[in-house]
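1. Got a predicted model here, sequence first, then my questions.
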Amino acid sequence: MFNADFFAQTSWLIPCYPLFGALLSIFWSPAFIRRSGPRPAGYLNLLTTVIALVHSSIAFMAVWQQPTQFLSLSWLQVADLNLTLPLELSSLTLGASVVITVLNLLVQIYTVGYLEMDWGWGRIYSLLALFEAGLTALVLCDSLFFSYILLEILTLGTYLIVGFWFNQSLVVTGARDAFLTKRVGDLILLMGVLALYPLTGTWNFSELADWSQAVLSGTQSVSPLTLSLIGVALVAGPISKCAQFPLHLWLDEAMEGPLPTTILRNSVVVATGAWVLVKLQPVIALSPVASGLALTIGSISAVGGALIAAAQIDAKRVLSYLTSTYMGLIFIAVGTGQTQAALLLVLTHAIASTLLIMSTGSIMLNVVVQDLTQMGGLWSRRPITGLCFLVAIAGLIGLPPFGGFWPLMAMLEGLLQSGQWGLIGIVLLANGAASFALVRMFGLMFMGDRTAFTARAPETLWLVVLPTAVMAGIVLHVPLMVRNFSLYPVDSSLSWTLGWTLFLSSAVGIAASSAFYVLERIENPTKLIPAMANRLLAYDFYTPKVYQVTAIALVDKLSLLTDWLDRYVVDGLVNFVGLSSLLSGEALKYINTGKLQLYALTIASFVVVICLYLSWGYLAL
Amino acid sequence: MPNIVEIAVSTEGFSTLVAAVQAAGLVEALSGEGPLTVFAPTDDAFAKLPPGTVQTLVDNPPQLARILKYHVVAGRWAQSDIAKEESLPSLESSPIPVRVNSAFEVKNATVVAADIEATNGIIHVIDNVILMG
Amino acid sequence: MLSLLIWLPILGALLLAFLPIKLSATNARNAALAVSGASLLWTVVLFTRFDLGTASFQMREFIAWLPLLGLDYDLALDGLSLMMVALNSLLTWIAICSSSTTIERPRFFYSLMLFVSGGVAGAFLAQNLLLFFFLFEIELVPLYFLISVWGGEKREYAATKFLLYTALAGAFIFAGFVGTVWLGGTLDFSYEQALQSEIPLPTQIVLLGILLVGFGIKIPLIPFHTWLPDTYVSASPPVAIMLGGVLAKLGTYGIFRFGLGLFPEAWSALGPFLAVWAAASVLYGAVTAIAQKDIKRMVAYSSIGHMGYVMLGGAAFTELSVVGAISQMVSHGLILALLFHLVGVVETKVGTRQLDQLNGLLNPLRGLPLISALLVLSGMASAGIPGLVGFITEFLVFQGSYSVYPIATLFCVVGTGLTAVYFVILINRTCFGRLDNETAYYDKVTNGERVPAFVLAAIVLTLGLQPSWLVLWSESTSARLIAAVPITQTAASLQLETSRDSVNDGAHL
Amino acid sequence: MTTTIATAPTLPASTHQFAEVIHRLEAGGSMLPDTPDNLKQIIGIYKAYAVPMDFYWRDLLYIAEKVFLNPLPAFKYFISKEYLDRQNAYAGDQASLRIWRGPGDAHPELREFMAKGESGRKLPKLLHHLWHDRVNMEFAEACMDAMLWHEDINPTFNAYLYTDEYIANSDRAIRAYFKGNPLMLGLYKLFPEMFLEQVRRLSYYANLGLFWEVMAPVFFEMSDLYDEGKMTTVPEAMDFLVNGIFAIAGRPIYHHVYIGDECYEIIPKSQGFTWLYEAALPYVEAVFYRTAPFRGTKSYNAQAGQVPDDQKDFHYGILYADVFPVGSAGIPPTLLMQDMLHFLPDYLVEEYQQHSRGEDDMLIQLGITFQRSMYNVTSAVIQALRCALLYPLDDPNPEHLKANRAFFEQQIDRFKRPEARLDDIQQQSYR
């Protein structure tokens, strides 16, 4: 009975383990278990994560190279709406679930070390587990509706996990902005969800793909306007999830949260948007407007994000903008129909950026600051972390033979085939700028002279260093994974010229950055570009200000206006129309001074009056 | 003329100091060529320290030596020379603030007898044990 | 057996008020809890007896009372009333649980609460228009006292305002009822008779309009809502729970039962207008809530917005949307009760409801961590986060309405976004942040204060995860309501054709 | 030092913001007002602090001397029997200077807690550890890290860590420790600085361990004296500390490592490092004053500018900490408060139960008590410094009194920062 297939059939249990751990963690809130500390919550969740990992792995092996299976669980049947939760069991979904649980396991071990001084383990681990559950459920589920539900729950999760250190004011605003921005995306997606159903009668991704085929082949006719509107809504949802321009700011602010949560957020949580986008690609492809939107947003984010990253002085923020960059590249891939390349990029980015943030956090943990300009000279004391950081860079940018090279290469080949030269340029530019930003960060942290803040820098706790090192090993093995699981989407007709060009773009970025920050630490390289451009990048295109004067101001002023209207116009008018004299309260004031009997008397008289009033009404007919 | 150690041994009121110097193994150094300037606390000065202080030091010669070295300056510094200085570099390496106004003060101690000449240096007797910091 | 729901609380109320024995505050409270608990248990029994397959009314009880007036004691139950009665029984118990143990004049207070509960149950069960109206109107009296005696600042003003508005609403409703019966050609106020009356469409529309104004004041919908913030804010938390959780539902219930139920054709004709009205209410309530500095006022405006969803579901008039709307009434009642209860606890402990004075209540040792956590939960439930009951009811309304009134529905979706905005403001200011060292010596939260919150939160969560337990009761009733409309453009409209038309319809809304 | 009331008629009243406190210091008092309640609170908390501290110092030395460079020190908190039985240099019969009259091995309450934990059941060590029913050594390590990171406050000791002698000593120890482990030796060859930096860190483990080894018996003795009715005022408590500081001032600070049967002297005693200069004063500066902002209370965002650019501007220690968030996320001192919670004397438990939320917020109440008690310790340090570097309080020379005042004012100036709690602890209602 307990053969591998059994584990595949019970894959719905995978999200349940972490969820169970999350529920049990509640007992380690300060209000319950008081005489001993909260750490058991962490160990418990580690255990459930291991179980989930083992289960996913066995199930993955069971479905490997098997045809996709579907499971469905009935949830709600009302009127003509039948909501069943369909699960897709394929090597793709279960493979993704393995990746998610592995990353979660490492992150949770890392958290043991990173937050060893924290007393909020119950909360942090239950939230980490909630994310694990949500993410595995998301990859397994085959329905837009349930994906939407999970995304919304994760939005709430983001709010709570960013708000983990709620004593700090910037955390509070960061959590707020993350929640609201993501919610905007969710609701636009909801609009798409609502609009899609009457047309298709299904929310299942696989059936949506069939429907798209039908529309394409002309057996179904839908007006182009409708398709465009729906397509735009479906693209707009992931824009906020994936921190794409102009809804990218929340990711920056979310950096106020504890670093271990940042790891997951930047590597896999933002990728949920990309995942849904990939799943919806057939529908989006129906509308040139929607595809165009994805391409535009993706291009701006890819290049803009990388440029902004190169101008940040805060270590975490460099990484946050790079996430926007890579998500932008995924948008481009989806916009041009290269879903396989997009998924591969999701994978390589998730793995490499996990390592990137882990090693950065390991530095921040005992350098105390996050300010890159106050760091330097760490290489000799922190070589392990430095090496991990280098591996992460190699695994992220287009540097053969490391992981990040392959999806970019696949994308470029696809773009070449369709002759989209502009997009090729954008991908190369983004890659070059990202390389520049990352090597700059490496140089600022590890090279140059030690500063007062970095004078003392032993390698940190083994619980932090060990998962980082393991992660580095995984990053180095990505190319092997790509080969062994034949993840590389294009026939291996590698175009050498293209490969060299991609390599060259990385090399230029690395070389330029090395010249400024590694070999010779230029005191103020910002002098090299105009001050205005630098400020524009350092302050993130002034996006916060733009928000302030647009959306925030609009809602704020509108609410003040309606409040004023409500108090002085609506209420005032109604009062004026005839009740004002009575409402002065004088007439009935004496009641309040009276005694119980008086109240009773009044009740009685009211009843009589009402009865009279009633019968009068009837008699008057 | 006797050297610094000999003066201390032969003069009354320096028995604690002498014992300390012996415990710290500094006899040789203070009997050497020099020249050295020594701020020598009296027995009364040591007695002002809270109970146990001296005993702990005597039990730990290197630490005691360090405190004692703070009372010694290289060179022969008479009161008139010191009057021109604000501080002197001790053998311990921390500076010793000095003031010569109406009174001759060394850090928070007052010199009760200045310019006692020895073959290998000069001694100023002080009424407090001085400490670094 | 339905009568028990009315007479048990009323009998309890009378005994509590006039029994010549000495009762301590605690005992009075326990007695009230026992009575309302008994009603609650009886409601559970009703659920077990309820026949899901029957679309029309069941468990009828009829006693001729004043045939001359056409007033009969005529009670019956369908899915809609069942939900409302259940809400009433539950929230009465919660409200009594939630009231302070040291309340002044406890016997009088609890007896009034029970009285309200019994009366409201009667209104929800009444099969006679006049009986409904009588019970609807008589609620005013105890509520007036509950607000004006036990309320907060400006309570007399608020109570009077409430009284006058509701009385005015009553006048409209009465006019509507009388008109219906009169024009229907009978002198019998029974609901059955009214159903069968054949009134020409234009007249129907006029009558419906009158009823809409009447019930619209009670719900309230904009612009008849200004009594609500004042009243909710002045009322003490238990009374606010009754007002917002149960009494407001008299309005939506009335609209569904007597507006939509009696004049389905007129209802369909007015549909687009109602949808716009609903969307406007949603947006207006949400936007105005954002500007509020007083938590209770914020929740009050939020309530206006949420009643808009109910109206939208009704306006769309598809089976799905009506089920959604009925469920939304319940979910709104539950969430609002939870919110008011929590706000009440916060106010008792911290001494203020002002957002700019509250801070850091999530602090585990010196704050109100559990209350704060539940405040987050209820705020998120209200903002429609999945997994909590608010989401699924709103979603059903949206999905049901989208194919009929897409634009209005989308505006309502925007409304849920705005709901998230003010709840995040509320949570950020109240729960997050640093506790003020000067003032943070608050009393402990007692278990008695926790119980109602736990019960409600558990229901909110359970029904959110397992919504079929909520929607199944009203399904056949909604089907019956929809079926009353001869022309289509209803449930079957989830078809391609219609929806494309309706996209166009929506465009010129 | 004696507490003879030294009125200084020759000096005019201070115009300092905390003039009252300065006058109290000049009269031989403490920054903490002398009330019976304050005395009860601080002595009680010294006792509760000393028990976990007895574990801290033993484990710190165990890590510095035995665990040493273990790359996966998963069991570094599982202290060996040898270190539990180790005789405190200032307690027990063998002590040459006996500060506490009790025994020199681990405190009985500590042993009981280690064996049974709060659960009261004898379970395997590992289970107690996993159930988090244990002493939070992480806090001790954080204190050590603060001393390590603020390197400028301990110049002499720090300079030695970069001498050839130190490097040669470490080299021998590292080679001996990894004997027969080519992987680690290879790594050492590649990245020698990485290993040296670890050893420097371990030297600070030893430093802090040796510091606390003294403080534990001091606090135990104070608690015993209070119980015997021999300590009746806050200034007495402070003077006991001042005397203690002087008595131990010359204790050597060293770092020895035991590999096999051999002792490797990384920092030999002959280096002359003393308890007062190389441990106590840096400890007070690093832990009471500076540390680093808790990640849960300040933004580390470089652009927000909430973390000072200069280490000297760091003021996040216990004298400045907001204790109210204790128990929530991001507030590391909770670890210490929890450790003390296990060992509160009955009279303090009673006291806490009468105030605020009693059992529910005991962590905060004892945290504030701890803050009071550390103001008293800091007062002792200030008085000791005054004693060592300046003049007696009853010095007849007005110039000397002026110098004393200038010193006190300069010390108290550090509490002018808005987040300092000096004002709060003057009030008994601050709990």
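-> Arrived safely, thanks for sending.
2. Every contact and neighbour count from this point should use C-alpha atoms.
-> Noted.
3. who are the neighbours in contact with residue B:116?
-> B:122, B:123, B:124 (CA atoms under 8 Å, 6 or more residues apart in numbering or on different chains).
4. residues contacting residue D:222?
-> Going by CA under 8 Å, 6+ apart, the list of residues near residue D:222 reads D:43, D:46, D:231, D:237, D:240.
5. hang on, I meant residue A:206
-> Here residue A:206 is in contact with residue A:142 (CA under 8 Å, 6+ apart).
6. can you give me the mean pLDDT across the strand or helix carrying it?
-> Assigned by DSSP states H and E, residue A:206 falls within helix A:205-217. Helix A:205-217 shows a mean pLDDT of 91.
7. what do you get for stretch A:448-463?
-> Stretch A:448-463 comes out at a mean pLDDT of 89.
8. What residues sit buried inside it?
-> Neighbour counts over stretch A:448-463 (16 or more other CA atoms under 10 Å in any protein chain shown) mark A:448-450, A:452-463 as buried.
9. could you dump that stretch to CSV, C-alpha only?
-> Output of stretch A:448-463 as CSV, limited to C-alpha atoms (Å, rounded to 0.1, in the frame of the first residue of the first chain):
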residue,chain,number,x,y,z
GLY,A,448,38.8,47.4,0.0
ASP,A,449,39.8,48.3,3.5
ARG,A,450,38.1,47.2,6.6
THR,A,451,36.0,49.8,8.3
ALA,A,452,35.1,50.4,12.0
PHE,A,453,32.0,48.3,11.4
THR,A,454,33.7,45.4,9.7
ALA,A,455,36.9,45.4,11.8
ARG,A,456,35.5,42.5,13.7
ALA,A,457,34.0,39.8,11.5
PRO,A,458,34.3,36.2,12.4
GLU,A,459,32.2,33.8,10.4
THR,A,460,28.9,33.6,12.1
LEU,A,461,27.0,30.7,13.7
TRP,A,462,27.2,27.4,12.0
LEU,A,463,23.5,27.3,11.8
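10. next one: it to chain centre, how far?
-> 31 Å (CA atoms, centre = their mean, to the nearest Å).
11. contacts for it?
-> Here stretch A:448-463 has contacts from A:109-110, A:112-114, A:362-363, A:365-369, A:374-378, A:381-382, A:384-385, A:465, A:518, A:520-521, D:71-73, D:148-149, D:151, D:194, D:197-198, D:201, D:311, using CA under 8 Å, 6+ apart.
12. Which of the residues you listed fall within helices?
-> A:109-110, A:112-114, A:362-363, A:365-367, A:384-385, A:465, D:148-149, D:194, D:197-198, D:201 (DSSP state H).
13. where do the strands sit along the stretch 301-450 of chain C?
-> Shown for the stretch 301-450 of chain C, no strands are assigned by DSSP state E, counting those that start in this stretch.
14. Right, and chain B sits closest to which residue of it?
-> residue C:437 (37.4 Å; CA to the nearest CA).
15. With the stretch 101-250 of chain A instead?
-> residue A:117 (33.8 Å).
16. cool, and the stretch 301-431 of chain D?
-> Counting by CA to the nearest CA, the stretch 301-431 of chain D gets nearest chain B through residue D:390, at 5.2 Å.
17. I figured residue D:362 was touching residue D:352, is that so?
-> Yes: counting by CA atoms under 8 Å, residue D:362 touches residue D:352, with 6.3 Å between them.
18. Quick one: name the residues of the stretch 1-150 of chain D near chain A.
-> D:71-73, D:118, D:130-134, D:138-139, D:148-149 (CA under 8 Å from any CA of the partner chain).
19. Counting neighbours, which of those end up buried?
-> The buried subset of the residues of the stretch 1-150 of chain D next to chain A - by 16+ other CA under 10 Å - is D:118, D:130, D:131, D:132, D:133, D:134, D:138, D:139, D:148, D:149.
20. So which of those are in helices?
-> Members of these lying in helices (criterion: DSSP H): D:130, D:138, D:139, D:148, D:149.
21. Look up how far chain B lies from the last one.
-> It stands for residue D:149. For residue D:149, the distance to chain B (CA to the nearest CA, to the nearest Å) stands at 21 Å.
22. swap in the first one?
-> With distances defined as CA to the nearest CA, the gap from residue D:130 to chain B amounts to 42 Å.
23. and that residue, what is it in contact with?
-> Applying CA under 8 Å, 6+ apart, we find residue D:130 in contact with A:39, A:40, A:43.
24. between those residues, which is closest to residue D:107?
-> residue A:39 (25.5 Å; CA to CA).
25. Tell me the predicted confidence for the closest one.
-> 93.
26. Determine the number of other residues adjacent to the closest residue to the residue of the stretch 301-431 of chain D closest to chain B other than its chain neighbours.
-> Nearest residue to residue D:390, sequence neighbours excluded (CA to CA, 6 or more residues apart in numbering or on different chains): residue B:108, at 5.2 Å. Neighbour count of residue B:108, defined by other CA atoms under 10 Å in any protein chain shown: 23.
27. Ok, residue A:418 next?
-> For residue A:418, the count of nearby residues is 10 (other CA under 10 Å).
28. Look up how far chain D lies from it.
-> 43 Å.
29. Need the distance between the two termini of stretch A:327-344.
-> 12 Å (CA to CA, to the nearest Å).
30. Pull the residues that contact that stretch.
-> A:242-244, A:270-271, A:274-275, A:277-278, A:281, A:285, A:291-292, A:294-295, A:297-302, A:345-346, A:407-408, A:410-411, A:414-415, A:423, A:427, A:487-489.
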